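Novice: Need a 3D model of the following:
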Amino acid sequence: MHKDQSIVASQRVADILAERILAGDLAPGARIKQDELAEELETSRIPVRDALRMLEARGLVTMRANAGARVASLTRRDLEVSYEIRERIEPLLLADSVPNLTDEDIADLRAVMERNEGVTDVDEAIALGREFHWISYRRHNTPLLAQIVERVWDTTQSYRRAYMKLAMGLGTGDGGRTHDIEHRLLFDAIAKREVETAQAALVMHIRRTRTGLVRHGHLLSEAPEGTGPKRRAAAK
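Specialist: I've put the predicted structure just below:
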């Protein structure tokens, strides 16, 4: 295979596998069988191996000698630290972006927020919530911060989804009305270009989720390997 073709093939496999992980089709700790994946995607093992290395660099996959590849999993302490990182880094990214946001950006932010308020499906809420925050960050000039934030979002997404489903089942209200109110507070501050207020609202929003994740972390890891929250059949 030509070098350029090999890179394209590896990226294709990486994109497909990343989507399955982020969508919850592959649960944390699930084994990734390279032979089966190569057969399914009608490619050789080389692009699969290269794709797994790409995803390992993103923190989505772990690879160990004689143990193969698995979807990366986090301990309760890992989750807590990840959200502590978010509390410190995302306000910096937000502050860098807000002064540069256009009226069109604000309109996009409002539209996504309002769509999210009417959503009852967890997977759709996850996607819209992520879109909301990344619109607020889209005018940043600090790519290093954005890369760190994106990595943390990716590595915690499966747990965030599981927590939202758990919260709904427990009737705690987390991820529901409280979540909408927090987004409204954040949106209002961003629309007024009140950077410090927006940062405070963001920290409150992240911290509440961190508290819930840590409190229920033992329940989020009880699903056996190969199971876990599944995405809707329809594409987002």
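
Novice: Okay, and the closest residue to Pro47 other than its chain neighbours sits in which element?
Specialist: Nearest residue to Pro47 in three dimensions, chain neighbours excluded: Ala9, at 3.9 Å (Cβ to Cβ, 6 or more residues apart in numbering). Where you see a C-beta, it was placed from the backbone N, CA and C, and this is true even at glycine. If you go by DSSP states H and E, Ala9 is part of helix 3-22.

Novice: just checking, what packs against that helix?
Specialist: For helix 3-22, the packing partners by 3 or more Cβ pairs under 8 Å, 6 or more residues apart in numbering; DSSP states H and E come out as helix 45-57, helix 143-170.

Novice: Now render those as CSV, adding distance to Ile126 and mean pLDDT.
Specialist: What follows is the helices and strands packed on helix 3-22, written out as CSV (distance: least, Cβ to Cβ, whole Å; pLDDT from 0 to 100):
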stretch, distance to Ile126, mean pLDDT
helix 45-57, 19, 94
helix 143-170, 5, 86
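
Novice: quick revisit: so the residue nearest to Pro47 sits against Arg45, correct?
Specialist: No - in this structure Ala9 lies outside contact range of Arg45 using Cβ atoms under 8 Å: 11.2 Å.

Novice: higher neighbour count, these two?
Specialist: More neighbours surround Ala9 than the other of Ala9 and Arg45, with 19 against 12 (other Cβ atoms under 10 Å).

Novice: mind listing the strands for this protein?
Specialist: Per DSSP state E, the chain carries strands over the ranges 31-32, 61-64, 68-71.

Novice: out of these, deepest packed?
Specialist: Burial of the strands of the chain is given as mean neighbour count (mean count of other Cβ atoms under 10 Å); strand 68-71 ranks first at a mean of 19.

Novice: what sits against the residue lying closest to Leu128 once chain neighbours are set aside?
Specialist: Leaving aside its sequence neighbours, Leu128 sits nearest to Asn116 (Cβ to Cβ, 6+ apart; 4.1 Å). By Cβ atoms under 8 Å, 6 or more residues apart in numbering, the contact list for Asn116 reads 125, 128-129, 132, 180, 183.

Novice: Pull the contacting residues for Ala201.
Specialist: Ala201 sits next to 182, 185-186, 189 when contact means Cβ under 8 Å, 6+ apart.

Novice: domain assignment for the chain?
Specialist: Domains of the chain are assigned by automatic domain parsing as 3-71, 76-220.

Novice: how near is the nearest residue to Ala69 once chain neighbours are set aside to Asp108?
Specialist: Closest residue to Ala69 apart from its sequence neighbours, by Cβ to Cβ, 6+ apart: Ile32 at 4.3 Å. Per Cβ to Cβ, to the nearest Å, Ile32 is found 36 Å from Asp108.

Novice: swap in Leu145?
Specialist: Distance of Leu145 to Asp108, given as Cβ to Cβ: 21 Å.

Novice: ok so, going back, helices - which of the contacts of Asn116 land there?
Specialist: Per DSSP state H, helices hold the following members of the contacts of Asn116: 125, 128-129, 132, 180, 183.
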